[in-house]
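Trainee: predicted structure and sequence below. I'll ask about it afterward.
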Amino acid sequence: METMNGIRLTLSSIGTSITQLHKFGELVQLLNDAQLD
């Protein structure tokens, strides 16, 4: 039972990290586009 909770917590934290990385990537892309102009 505790193992399932641990796995669930790990997966949710990984999901959060991926979301943050994706947002950071979009921000970098916006900055790159701004510098090209």
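Mentor: Arrived safely, thanks for sending. Bear in mind that the values here come from a model prediction, so they are computed numbers and not experimental data. Residues are numbered from 1 along each chain as shown.
Trainee: contacts, neighbours, all on C-alpha from now
Mentor: Noted.
Trainee: so where is the chain shaky, pLDDT-wise?
Mentor: Filtered on pLDDT under 70, the chain yields the residue ranges 37.
Trainee: and the helices in it, which stretches?
Mentor: Under the criterion DSSP state H, helices of the chain are mapped to 2-36.
Trainee: and residue 21, how far from residue 6?
Mentor: 22 Å (C-alpha to C-alpha, to the nearest Å).
Trainee: ok, now residue 23?
Mentor: Taking C-alpha to C-alpha, one finds residue 23 at 26 Å from residue 6.
Trainee: now residue 31
Mentor: Residue 31 is 37 Å from residue 6, by C-alpha to C-alpha.
Trainee: residue 29 now?
Mentor: 35 Å.
Trainee: residue 36: neighbour count?
Mentor: The local packing of residue 36 (other C-alpha atoms under 10 Å) involves 6 other residues.
Trainee: ditto for residue 9
Mentor: That count, for residue 9 with other C-alpha under 10 Å as the rule, works out to 12.
Trainee: kindly report the same for residue 7.
Mentor: 11.
Trainee: what does residue 4 give?
Mentor: Neighbours around residue 4, by other C-alpha under 10 Å: 9.
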